[in-house]
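Engineer: A predicted structure for the sequence below; I have some questions about it.
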Amino acid sequence: MIVRAGILYDGSLNAPRKNVDLLIEDGVVRELRDAGGKCDHEAACVTPGLVNAHAHLEMSGEPDPMSAILAMPPLERMLRAVENAQKSLRAGVTTIREPGGSEAIAIRIRDAVNEGRLTGPRISAAGFILCMTGGHGWFIGREIDGPWDARKAVREQRKAGADCIKLIATGGVLTKGAVPGLAQLLEEEMRAACDEAHRHHMRVAAHAIGTQGIKDALRAGVDSIEHGHMLDDEALELFARTGAYLVPTLTAPTCIVEHAEKGGQPEYVVRKAREVSEHMLKNIRRAFEAGVKIAGGSDAGTPFNYHDAYAEEVILMQKLLGMTAQQALHAATATAAELIGLHRGVLEAGEPADLLLLDRDAGKDLTTLRAPRAVFKAGIRAGA
Ligand SMILES: [Zn+2]
């Protein structure tokens, strides 16, 4: 199959190429060459498939996810997770990292997709999130207390088939009673979990909004900080020293605040999101300017933050962080893919043919990502 691009962004920060043909065989990009002769598909612009490093498949954007999850039987959660995985793919997200859910649902979907029984994006799944007893996200969590219990919980997720581990370092917005600014798991608990996970070549993500928790998690050895909204100078130094990634999830608080008045969200969710959003606007741009590796992830599934709207995160990265459109695209493809570790997220010979056909030059107008003309995963057209 030959796909012709008027302009090609390969996911890197290299200058885009004009009038290029991608030769695709067996789901893999074989060659990039100057356009010429016949082709099977043609588009004004081609980019890699998007990579969402933070998407909760069981949540569908309900105004009160905690109550929704608690009220929903596992079979219904499974069904919704399948629907959300397929929505993501049709909207151009060809890879996601599922940072914590219940009942190993995302793990089962990952396997079914890999076996060809279901269509869906590539999935890297964390299994249950690991939180302190009563901590943020306990309703989709394995509660841990103490370093040995942390190790055991990592071993349990690995046994269930998880690819990566998710720790809860601070409170969060969506859990009743959790305070986003306050630290939760102890540094020594997270250090034990990181050590155990890294022994098995599993990467570790930490949900961390408050300053103390961000720094505890970085010192404990996590590979990425999710949210990171209250980071300070010392945290920036720790990012530089450890090489950890930041997944800023800009869409999550933005959607909650946008629907504050008529959304039907619990009062505590709106109040906490407003607070978090203020810190986010001040701090995350500094992280980008300081050279922290920013990986795209939207926290899809949180209130009004839909799985088929990942383009909004890319657009917000440009708008709120001061990235160029190409830098935002790079964060939502190559950098996010590098963090997840399934593939490189770039369109180069030897890489999976995960790509979007777009009507306009994404480097000039990222809103074209909202409606890709076609989505291919491993050379197969999604939703066709
Ligand atoms: Zn999340």
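Structural biologist: Noted; the coordinates are in hand.

Engineer: From the centre of the protein outward, give me the first residue you hit.
Structural biologist: Nearest to the geometric centre of the chain sits residue 53, at 1.9 Å (C-alpha atoms, centre = their mean).

Engineer: from memory that residue sits against residue 294, does it?
Structural biologist: No. Between residue 53 and residue 294 there is no contact under C-beta atoms under 8 Å: 10.2 Å. In this view, the C-beta of every residue, glycine as well, is placed from N, C-alpha and C.

Engineer: what touches both of the two?
Structural biologist: Jointly contacting residue 53 and residue 294 under the rule C-beta atoms under 8 Å, 6 or more residues apart in numbering are residue 247.

Engineer: contacting residues around residue 146?
Structural biologist: Going by C-beta under 8 Å, 6+ apart, residue 146 touches residue 189.

Engineer: What separation is there between it and residue 153?
Structural biologist: Distance, residue 146 to residue 153, by C-beta to C-beta, to the nearest Å: 10 Å.

Engineer: Next, the contact list for the closest residue in space to residue 378 that isn't next to it in sequence, please.
Structural biologist: Leaving aside its sequence neighbours, residue 378 sits nearest to residue 27 (C-beta to C-beta, 6 or more residues apart in numbering; 3.6 Å). Neighbouring residues of residue 27 by C-beta under 8 Å, 6+ apart: 352, 353, 378, 379, 380.

Engineer: Out of those, name the ones that lie in strands.
Structural biologist: Those of the contacts of residue 27 mapping onto strands are residue 380, per DSSP state E.

Engineer: Give me the buried entries from the contacts of residue 27.
Structural biologist: Buried members of the contacts of residue 27, scored by 16 or more other C-beta atoms under 10 Å, are 352, 353, 379.

Engineer: Any idea what the first one is bridged to?
Structural biologist: This means residue 352. For residue 352, the beta-bridge partners are residue 28 (DSSP bridges).

Engineer: Residue 26 is in contact with that one, correct?
Structural biologist: No. Residue 352 lies out of contact with residue 26 (C-beta under 8 Å); the separation is 10.1 Å.

Engineer: which neighbours do these two share?
Structural biologist: Common contact partners of residue 352 and residue 26 (C-beta under 8 Å, 6+ apart): residue 379.

Engineer: Next, the contact list for residue 112, please.
Structural biologist: By C-beta under 8 Å, 6+ apart, the contact list for residue 112 reads 118, 120.

Engineer: hang on, I meant residue 314
Structural biologist: 50, 296, 328, 329, 331, 332, 366, 369 are the contacts of residue 314 under C-beta under 8 Å, 6+ apart.

Engineer: now do 6 Å
Structural biologist: 328, 332, 366, 369 (C-beta atoms under 6 Å, 6 or more residues apart in numbering).

Engineer: if you average pLDDT over the helix or strand hosting it, what comes out?
Structural biologist: For residue 314, the host element (DSSP states H and E) is helix 311-321. What helix 311-321 shows for mean pLDDT is 97.
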